[in-house]
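> here's a sequence, model it:
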Amino acid sequence: GEDHWGQDAALVLSFFAQTTMLVINLFSGALGHVIFSRFLYPYTLQAKQIWLPFIVIMIAPQIPKIVSGFIAVILKWTLIGRYREGTHSIYSTFYLKHWLVEQFA
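Numbers count the residues shown, from 1 in each chain. Model prediction:
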């Protein structure tokens, strides 16, 4: 088979995919903090039930971790399937798929 995209296509794809994921991770952490500190916590402290603030403060920060775990499992089986033994270049599409799954794990 002839490589229509050129030799450096996997390198360019890896660069753009990894840069995009790093920027998304940077902003998603800040977004979660803003949502919890500006919206959830102030309203729970004004609640009439004494147990509600404790539940929200203990459980709400865990929700992104749980969702991220489910996304990682779905991505792993969608992008990679079953891992097979082998040697893979760091700029191969297999390694890129593996790296994407690791970002959500």
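> select the longest helix from this structure.
What stands out as the longest helix in the chain, according to DSSP state H, is helix 9-35.
> count of residues packed around I50?
Using other CB atoms under 10 Å, I50 has 7 other residues around it. Heads up, the C-betas are built off the backbone N, CA and C, glycines and all.
> and the pLDDT at it?
If you check I50, the pLDDT there is 78.
> any idea how far T87 is from it?
Going from I50 to T87 by CB to CB, to the nearest Å gives 59 Å.
> what's the answer for L11, then?
18 Å.
> list the contacts for the residue lying farthest from the centre of the chain?
Distance to the chain centre peaks in the chain at K48, reaching 35.6 Å (criterion: CA atoms, centre = their mean). Contact analysis of K48 by CB atoms under 8 Å, 6 or more residues apart in numbering lists nothing.
> which secondary structure elements does the helix or strand bottoming out on mean pLDDT in the chain sit against?
Least confident helix or strand of the chain, by mean pLDDT, DSSP states H and E, is helix 41-45 with a mean of 75. Judged by 3 or more CB pairs under 8 Å, 6 or more residues apart in numbering; DSSP states H and E, the packing partners of helix 41-45 are helix 51-59.
> okay, buried residues for the following helix or strand past the helix it packs on please.
Heading C-terminal from helix 51-59, the first helix or strand you meet, by DSSP states H and E, is helix 63-75. Neighbour-count burial for helix 63-75 flags A72, L75 (criterion: 16 or more other CB atoms under 10 Å).
> please consider this matter closed, and thank you.
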